[in-house]
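J.: Here's a sequence, model it:
(one chain, ligands or ions: 1)
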Amino acid sequence: MITCVISGATSGIGLSILNILIKKKISVIVIGRSQKKWNLLKSKNHSLNKVKFIEADLSEIKFVKKIKKKLQKIKCVDLMINNAGLINYKLEINSLNYEKTFFTNFLSTFFLIKILLPKILKSKSPTVINVSSFASRFGKVNLDNLDQKKNYDSWQSYINSKLMVSLLTKFYSYKFFKKIVFLSWSPGYTKSNLGLNSSYIRKFIFYLRQIFGQNPNKAAVDFFHALKKFNNFKYSGSFIFKRKIILDKFFQNKINISKKLYKITNKIIFKHCK
Ligand SMILES: NC(=O)c1ccc[n+]([C@@H]2O[C@H](COP(=O)([O-])OP(=O)(O)OC[C@H]3O[C@@H](n4cnc5c(N)ncnc54)[C@H](OP(=O)(O)O)[C@@H]3O)[C@@H](O)[C@H]2O)c1
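T.: Residues are numbered from 1 along each chain as shown. Down below sits the predicted model:
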């Protein structure tokens, strides 16, 4: 039986992907931030009873210990979907002094990969999909100040975090070539709760998405289409927008930044992940 670990499957695109994973009879472990929300979802959808849920706030470093402990008995992970993400409209700093959008969307993804790596490597056909965003194309990386707390801008912080996710996904695809397939996947403009806690103009923009965005179930169908088509070492490191590979040259040209980003983040992860 295939085992999948997915983060942020209590809402939006993640929840739609989870429903398909269950239909495909895949054994699923969800990492989510609210047990209460999970219990409510379960009370409305009994198929979720088959799923193991781990409550963990990915914006705080203490999740590392908890996930390690809770996943101790899991032998092998075939599919990992790093989907949890947020846009934090006000500046929030975590206990390690990192801005929380940066920590949740970017750093926690690679902490989770580090924790699960031995189990992922036990799979016969391991795949890691990091959910990114097309808007990451317009993100910036400041290697001297990764979380860019100064002059905080919620949208800029979000797209920076997503750019860093895709850059490291590319780097990991080289590092684990022929061992693990790594893919970045962007769902496109989708109705969800993302950014709905913003203020004023941004909130209005995000509400427009609730009218014009695609249904998250449609995004989930695209996700499985992309997974089927590109789950192959020859596509590892690719950036997939909905169902197509795009931005190949863009990420290829940034491989030196990816390498430097890897060195910096690896130090942080190593320090806090013993
Ligand atoms: N919607 C779009 O148009 C769009 C476009 C491009 C990329 N994306 C990406 O798609 C992914 C899914 O987002 P979505 O649009 O479906 O938004 P969403 O409905 O807000 O879902 C985000 C999920 O992440 C979880 N999450 C947020 N912060 C967390 C934390 N600190 N710890 C653990 N879990 C946390 C949320 O938990 P709760 O349920 O508890 O809130 C929720 O399950 C994100 O990575 C997002 O960046 C979305």
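J.: How about the residues of the chain by the ligand?
T.: 8, 10-14, 32-34, 37, 57-59, 83-86, 104, 131, 133, 186-187, 189-190, 192-194, 209, 213 (C-beta under 6 Å from any ligand atom). In short, each C-beta sits where N, CA and C put it, glycine included.
J.: just for the chain, where's the confidence low?
T.: Within the chain, the ranges that satisfy pLDDT under 70 run 200-201.
J.: try 80 this time
T.: 196-205, 274 (pLDDT under 80).
J.: Sitting in strands, which of the residues of the chain next to the ligand do you find?
T.: Using DSSP state E, the subset of the residues of the chain next to the ligand located in strands is 32, 131, 186.
J.: Phe182 belongs to a strand?
T.: Yes - applying DSSP: H, G, I helix; E, B strand; the rest coil, one finds Phe182 inside a strand.
J.: Around the closest residue to it other than its chain neighbours, how many other residues sit close by?
T.: Excluding the flanking residues, the one nearest Phe182 by C-beta to C-beta, 6 or more residues apart in numbering is Ser173, at 4.2 Å. Ser173: 22 surrounding residues under other C-beta atoms under 10 Å.
J.: Kindly report the same for the one 5 residues further on.
T.: Lys178 is flanked by 7 other residues according to other C-beta under 10 Å.
J.: Skipping its backbone neighbours, what lies nearest it in space?
T.: Closest to Lys178 by C-beta to C-beta, 6+ apart is Phe233, at 5.6 Å.
J.: where's the one you found relative to the ligand, distance?
T.: Noted for Phe233: a distance of 25 Å to the ligand, by C-beta to the nearest ligand atom, to the nearest Å.
J.: With Ser238 instead?
T.: 16 Å.
J.: Just say helix, strand or coil for the nearest residue to that residue once chain neighbours are set aside.
T.: Spatial nearest neighbour of Ser238, chain neighbours left out: Ile245 (4.6 Å); criterion: C-beta to C-beta, 6+ apart. With three-state DSSP as the basis, Ile245 sits in strand.
J.: And Ile245, how close does it get to Leu168?
T.: According to C-beta to C-beta, to the nearest Å, Ile245 and Leu168 sit 18 Å apart.
J.: Mind checking which of these two has more residues around it?
T.: The neighbour count for Ile245 versus Leu168, taken as other C-beta under 10 Å, is higher for Leu168 (24 against 15).
J.: for Lys170, what are its contacts?
T.: Lys170 makes contact with 182, 184, 237, 239, 251-252, 254-255, 258, according to C-beta atoms under 8 Å, 6 or more residues apart in numbering.
J.: if we can go back for a sec, so which of the ones in strands among the residues of the chain next to the ligand is the closest to Leu117?
T.: Minimum separation from Leu117 among these (C-beta to C-beta) is found for Val131, which lies at 18.9 Å.
J.: got the contact list for the closest residue to the closest one other than its chain neighbours?
T.: Closest residue to Val131 apart from its sequence neighbours, by C-beta to C-beta, 6+ apart: Asn83 at 4.5 Å. Neighbour list for Asn83: 6-9, 13-14, 17, 131 [criterion: C-beta under 8 Å, 6+ apart].
J.: Tell me the helices and strands packed up against whichever strand or helix holds Phe251.
T.: For Phe251, the host element (DSSP states H and E) is helix 248-252. Contacting helix 248-252 under the criterion 3 or more C-beta pairs under 8 Å, 6 or more residues apart in numbering; DSSP states H and E are the following elements: helix 154-175, strand 239-241.
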